[in-house]
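S.K.: fold the following for me, if possible:
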Amino acid sequence: IFKFLGAISVDLGQDRIKPYLPTILSPLYRELNSNYAEQDPTLKNLSQEIIELLKKLVGLEAFSLAFSSVQKQANQKRAMRKKQRALQTVANPDIAARRKLKRHKNKAETRKRKIESLRPMYKAKRHRSNALKDLAMVE
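M.R.: The predicted model follows:
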């Protein structure tokens, strides 16, 4: 998709690409700012190359305006999601408590996995899955 965006940008030219610049820049910006552990470095390099291509194509001023608008939009979305999460914690405490328990359980499992990888002879106690108990209607 990034290669397609770059090809379309070159094909449209300087004047016809300007209205679509924020739309093209948003996935590129998202890829550059992502911090996932399993992120592909080739995608990051490709997005950087396409950004440089766009910068040369439309000029620094137009590019900077579009890029700053994309950046501002992303920050607003992030702040809105954070605010909604905080409001949901207050509005639905039971859902928030379940989410917190799940996060703590995952953290403990990660810790056990890390210990096992550092010390192969050590076997951490694993929580037994009670899948059938969970499915049963217990009063």
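S.K.: host element of Ile24?
M.R.: helix 21-33 (DSSP states H and E).
S.K.: so how far is the lengthiest helix in the chain from its chain's centroid?
M.R.: Longest helix in the chain, counting residues (DSSP state H): helix 60-91. Its chain's average C-alpha position is 13 Å from that of helix 60-91, according to C-alpha atoms, centre = their mean, to the nearest Å.
S.K.: in that helix, what's buried?
M.R.: 62-63, 66-67, 70 (16 or more other C-beta atoms under 10 Å). Any C-beta I mention is one placed from the backbone N, CA and C, and that applies to glycine too.
S.K.: and what of stretch 112-119?
M.R.: Those would be Lys112, for stretch 112-119 by 16+ other C-beta under 10 Å.
S.K.: what's the spacing between it and its chain's center?
M.R.: Taking mean C-alpha positions (C-alpha atoms, centre = their mean), stretch 112-119 and its chain are 27 Å apart.
S.K.: show me the shaky parts of the protein.
M.R.: Applying pLDDT under 70 to the chain picks out residues 37, 123-139.
S.K.: tell me the spacing between the residue positioned nearest the centre of it and Leu5.
M.R.: By C-alpha atoms, centre = their mean, the chain has its centre lying nearest to Ser34, at 5.3 Å. Relative to Leu5, Ser34 is positioned 17 Å away (C-beta to C-beta, to the nearest Å).
S.K.: how about Ala91?
M.R.: Applying C-beta to C-beta to Ala91 and Leu5 gives a distance of 39 Å.
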